[in-house]
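What follows is a predicted structure for the sequence shown.
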Amino acid sequence: MSQKSGFTVNHAPDRATLERQSALAIADSLRSLLARQQTVRAVFAAAASQLGTLALLRQQDGIDWHRVEAFHMDEYVGLPIEHPARFGNWLKRNVFDHLPLGAVHLIEPGADAQAAAQNYAAQLAAAPIDLVCLGIGVNGHIAFNDPPVADFNDPLTVKVVELDLVCRQQQVDDGEFATTADVPRHAITLTIPQLMAGKRLICIVPGASKAAAVRGTIHGPIDTACPASILRRHDDCTLYVDQESYPQ
């Protein structure tokens, strides 16, 4: 494990180990927070890269899920409410419906995405976010802050963005859509300042497809060309990588 100020890199030998270690880290963080405060507010990413970790998290003991409020970090604009690729549906299917959570706050774009973004921003602003469980995209994005729209000093906490082609191709490669033409062009996303406002960040990035983004995150300039590079400035962020995403 290596560390730069509050940014720590945890290098696992394989994906299974990464998933086990990151699930234990999330569980330990939740237990620690619940031991000293009444409610924990946590944000979760929805992506194939997170699935193993979240499946193991569901099995952890000693977490009073009734005192956990769950949020998610992005949602497509324009998909039918029942569409399985919607991130709220993905999280319900894989996590939220399996746990007795105290509250689940879903992004509902509806007919007015801008109004939905403002509404979700108000929900997030009601109290601090304690924990953010996130990944990194092939293009270095965090949430849907792709390089063309990423802003380290964004005045908004939630906004509507246009997805770049690399991001849309990743959704196809992850098996959620048949072609890039099927992937919505716009989404609602938490902005980078909102993600960075989380007290504790646990970033889970397995797989060879993420190797360039991981290297840029750890070693590249802190620049919106690789939005995840900003994680190096967080006071308490652990990046979980494996031998494929960060060969050594």
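Looks like it came in fine.

Wait, Asp154 touches Leu195, no?
No. Using CB atoms under 8 Å as the test, Asp154 is too far from Leu195 to be in contact (10.1 Å). Placement of C-beta: from N, CA and C, glycine included.

Comparing these two, which shows the higher neighbour count?
With neighbours defined as other CB atoms under 10 Å, Asp154 and Leu195 compare such that Leu195 has more, 26 against 16.

Quickly find the element holding the more buried one.
helix 192-196 (DSSP states H and E).

immediately after that helix, which helix or strand?
strand 200-205.

Which secondary structure elements does that next one sit against?
Secondary-structure packing of strand 200-205 (3 or more CB pairs under 8 Å, 6 or more residues apart in numbering; DSSP states H and E): helix 15-36, strand 131-134, strand 237-241.

Columns mean pLDDT and mean neighbour count on top of the ones you listed, output as TSV?
Shown next, in TSV, are the helices and strands packed on strand 200-205 (pLDDT from 0 to 100; neighbours: other CB atoms under 10 Å):
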stretch	mean pLDDT	mean neighbour count
helix 15-36	98	18
strand 131-134	98	25
strand 237-241	98	25
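
Dump these to JSON lines, plus distance to Val43.
Listed next are the helices and strands packed on strand 200-205 as JSON lines, based on distance: least, CB to CB, whole Å:
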{"stretch": "helix 15-36", "distance to Val43": "12"}
{"stretch": "strand 131-134", "distance to Val43": "5"}
{"stretch": "strand 237-241", "distance to Val43": "13"}
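
between these, which gets nearest to Asp173?
helix 15-36 (16.3 Å; CB to CB).

list the helices and strands the helix or strand that the closest one is followed by packs on?
Once the chain leaves helix 15-36, the next helix or strand it forms, by DSSP H and E, is strand 40-44. Packing partners of strand 40-44 (3+ CB pairs under 8 Å, 6+ apart): helix 15-36, strand 68-72, strand 131-134.

now for the ones you listed, which one comes closest to Ile81?
Ile81 sits nearest to strand 68-72 of all the helices and strands packed on strand 40-44, at 14.9 Å, using CB to CB.

Mind checking the helices and strands packed on strand 200-205 for the one nearest to Leu190?
Closest among the helices and strands packed on strand 200-205, using CB to CB: strand 131-134, at 8.6 Å.

can you pull the contacts of Gln248?
His11 (CB atoms under 8 Å, 6 or more residues apart in numbering).

Quick one: the helices in the protein, in order.
15-36, 51-57, 87-94, 113-125, 165-173, 192-196, 211-219 (DSSP state H).

Residues in contact with the last one: which ones?
Just to be clear, that refers to helix 211-219. The contact list for helix 211-219 (CB under 8 Å, 6+ apart) reads 9, 136-140, 205, 225-226, 228-229, 231-232, 239, 241, 244-247.

repeat for the longest one
Helix 15-36 is contacted from outside by 10, 12, 40, 42, 52-57, 59-60, 62-64, 67-68, 130-131, 133, 200, 202, 204, 206-207, 238, 240-242, 244, using CB under 8 Å, 6+ apart.

Good, wrapping up.
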